[in-house]
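**Q** the amino acid sequence is not available; the structure is as follows:
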Ligand SMILES: CC(=O)[C@@H](O)[C@H](O)COP(=O)(O)O
Ligand SMILES: NCC(=O)COP(=O)(O)O
């Protein structure tokens with residue numbers, strides 16, 4: 001079974017537009033779980049333009065599924081994770097001014113650095129996932145860091161899906177198969193939606209979790225949050 005973790009960054013974007021507490025991010029997280037989300041993902045960025053560090057602290061006691069915190073392991077991010085101790089931390093090599101995540105780790109170059117971070121996070125009791133492009137050399141090097149899982153960065157799959165979905169999935173399937181051989185768990189995310197999700201899930205062996213935010217929250221504007229989460233869950237059945 002592939003679990004659906006709902007990324008609630010965009011709910012915080014809407015809240016921040018007015019400076020009050022509407023929509024209420026904590027209520028939205030609880031409602032997502034009630035509607036079928038099997039995890040809640042947040043990606044606090046240094047400028048706190050959507051999820052704020054305080055949101056993450058407030059979410060931990062109310063999330064009843066799994067809290068997944070994504071981000072670049074800067075000193076501030078690591079302090080937050082040490083305090084909150086989420087079920088999962090996804091390490092993403094974002095530049096501070098990135099509009100959104102735009103690449104996976106170079107796990108060859110940063111092997112030793114990642115090894116140290118992974119060890120500390122695992123000692124805190126967190127499952128660790130490393131955000132990666134579907135590159136076999138990067139998957140092999142990720143396995144040497146001690147990480148529990150990798151998360152495949154699916155932007156290239158999503159953008160190639162409508163033109164040629166077999167070609168778009170091929171590098172991801174190879175990466176997933178290698179991850180399985182190496183004993184790495186597998187997550188995936190970025191730009192997944194109701195069109196491209198089912199095929200990804202069918203093609204990737206051992207896909208444990210997808211985290212989806214942008215398209216899901218856009219769909220919810222038209223379809224409603226409960227109905228939308230159920231529609232995404234059905235793609236993963
Ligand atoms: C790692 C990843 O792909 C997601 O976290 C995505 O980047 C969402 O972040 P934003 O909501 O800031 O675009
Ligand atoms: N890890 C990916 C994620 O959390 C959501 O990405 P997106 O669906 O907002 O592109």
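**A** Sure thing, it's come through. Computed from a predicted structure; not experimentally measured. Ligands and ions are numbered 1, 2, ... in the order given.

**Q** number of nearby residues for the nearest residue to residue 111 once chain neighbours are set aside?
**A** Closest residue to residue 111 apart from its sequence neighbours, by CB to CB, 6 or more residues apart in numbering: residue 141 at 5.5 Å. Every C-beta, even on glycine, is put in place using the N, C-alpha and C of the backbone. For residue 141, the neighbour count with other CB atoms under 10 Å is 20.

**Q** residue 234 now?
**A** When counting by other CB under 10 Å, one arrives at 12 neighbours for residue 234.

**Q** hmm, back to that, which elements pack onto the helix or strand where the residue nearest to residue 111 lies?
**A** Using DSSP states H and E, residue 141 falls within helix 136-143. Applying 3 or more CB pairs under 8 Å, 6 or more residues apart in numbering; DSSP states H and E, we find helix 136-143 packed against strand 127-132, helix 165-182.

**Q** which of these sits closest to ligand 1?
**A** Among the helices and strands packed on helix 136-143, strand 127-132 comes nearest to ligand 1, with 5.5 Å by CB to the nearest ligand atom.

**Q** so where's this protein uncertain?
**A** The chain contains no residues with pLDDT under 70.

**Q** which parts of the protein sit against ligand 1?
**A** Within reach of ligand 1 by CB under 6 Å from any ligand atom, the chain has these residues: 7, 9, 43, 45, 70, 92, 100-101, 131, 189-190, 213.

**Q** please redo it, this time with the cut-off set to 5 Å
**A** 9, 43, 70, 92, 100-101, 190 (CB under 5 Å from any ligand atom).

**Q** now residue 214: closest residue in space that isn't a chain neighbour?
**A** Computed as CB to CB, 6+ apart, the closest residue to residue 214 that is not its neighbour in sequence is residue 10, at 6.1 Å.

**Q** off-centre distance for the helix or strand where that neighbour lies?
**A** Counting by DSSP H and E, the element that carries residue 10 is helix 9-16. Between the centre of helix 9-16 and the centre of its chain there are 17 Å (CA atoms, centre = their mean, to the nearest Å).

**Q** okay, buried residues for that helix please.
**A** Neighbour counts over helix 9-16 (16 or more other CB atoms under 10 Å) mark 9-12, 15 as buried.

**Q** for the residue most central in space within the chain, give me its contacts.
**A** In the chain, the centroid-proximal residue (CA atoms, centre = their mean) is residue 211; its distance is 4.3 Å. By CB atoms under 8 Å, 6 or more residues apart in numbering, residue 211 lies in contact with 5-7, 39, 41, 68, 70, 90, 151, 187, 189.

**Q** need the max-distance pair from these.
**A** By the measure CB to CB, 6 and 151 form the most distant pair in the contacts of residue 211, at 15.1 Å.

**Q** residue 226 - that's part of a helix, no?
**A** Yes. The assignment for residue 226 is a helix, going by DSSP: H, G, I helix; E, B strand; the rest coil.

**Q** interface residues of this structure facing ligand 2?
**A** So far as CB under 5 Å from any ligand atom goes, the chain lies against ligand 2 at 7, 41, 189-191, 211-214.

**Q** let me see the contact set for residue 63.
**A** The neighbours of residue 63, taking CB under 8 Å, 6+ apart as the test, are 29, 33, 40.

**Q** so which residues of this protein form strands?
**A** Per DSSP state E, the chain carries strands over the ranges 3-7, 39-42, 67-71, 88-91, 127-132, 149-153, 185-189, 207-212.

**Q** burial check on the spatially closest residue to residue 105 that is not a sequence neighbour, number of neighbours?
**A** Once flanking residues are discounted, residue 105 sits nearest to residue 93: 5.0 Å by CB to CB, 6+ apart. For residue 93, the count of nearby residues is 20 (other CB under 10 Å).
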